[in-house]
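**Student:** Below: sequence and its predicted model.
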Amino acid sequence: MAKTTASQKKGPIAAAKKSAAKTSGPAAKNSTKAGGKKSLSIKYTDKSPGQSKELVVIFDAIKKMLLPYVKGDMKLHGGTGGQVSLINHRPVEIAGRKKPEMWFAGALIQKGYVGFYFMPAYTDEHLTDFIKPELLKCLKGKSCFYIRKDDKQLYAQIKESLKLGYASFKKRGWVG
């Protein structure tokens, strides 16, 4: 019988958070291909089967909002299977630590909500001061918003937050 690790006892979300803490974004893993080139693989099992159609609508709306930022080194990963990530593949230095890429935003269908992950909240402590109260009510933790309903007002606020976050990254020279 195999040993049960602490991550397995706490469940998949704890394991994903632990994995995210080791990388620069939610549940990412860097691997090296033959020839020394790094590739990015997303570790995620689709949690969308059996979910309400509203969650898929929310996920698709957030994914659509990420598309205007796909330019230069900013690449979209996933987009199917209930997960999508927008990652800037430009090396950056944050607080003296060099990172090969910088996660910008993502969405992940969970049980009962769509997790909208917004990484500029980590790097710009004042950014959440500009996020509207309705979206702030969805904030769970530092950068994860639980979006539970198909709401045009929330979508407008997510779109505005993406714009502010991109401007913050651009000001720091993290995106072109």
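**Tutor:** It's in. Numbering: from 1, shown residues only.

**Student:** use CA for all of it now, contacts and neighbours both
**Tutor:** Fine.

**Student:** hey, where'd the strands end up in this protein?
**Tutor:** Under the criterion DSSP state E, the chain contains strands at 28-32, 38-42, 74-78, 83-88, 92-94, 97-99, 102-109, 114-118, 139-140, 144-147.

**Student:** Make TSV from those strands and add distance to residue 128, mean pLDDT and mean neighbour count to it.
**Tutor:** Below are the strands of the chain laid out as TSV (distance: least, Cα to Cα, whole Å; pLDDT from 0 to 100; neighbours: other Cα atoms under 10 Å):
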stretch	distance to residue 128	mean pLDDT	mean neighbour count
strand 28-32	24	44	14
strand 38-42	27	42	13
strand 74-78	22	95	18
strand 83-88	20	95	24
strand 92-94	19	86	13
strand 97-99	23	91	10
strand 102-109	15	95	25
strand 114-118	10	96	24
strand 139-140	10	92	14
strand 144-147	12	96	22
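
**Student:** Adding distance to residue 176, write the ones you listed out as a markdown table.
**Tutor:** Shown next, in a markdown table, are those (distance: least, Cα to Cα, whole Å):
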| stretch | distance to residue 176 |
| --- | --- |
| strand 28-32 | 23 |
| strand 38-42 | 21 |
| strand 74-78 | 9 |
| strand 83-88 | 10 |
| strand 92-94 | 12 |
| strand 97-99 | 16 |
| strand 102-109 | 13 |
| strand 114-118 | 19 |
| strand 139-140 | 28 |
| strand 144-147 | 25 |
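
**Student:** Just want the most central residue of the protein.
**Tutor:** Nearest to the centroid of the C-alpha atoms of the chain, with distances taken as Cα atoms, centre = their mean, sits residue 106, at 2.9 Å.
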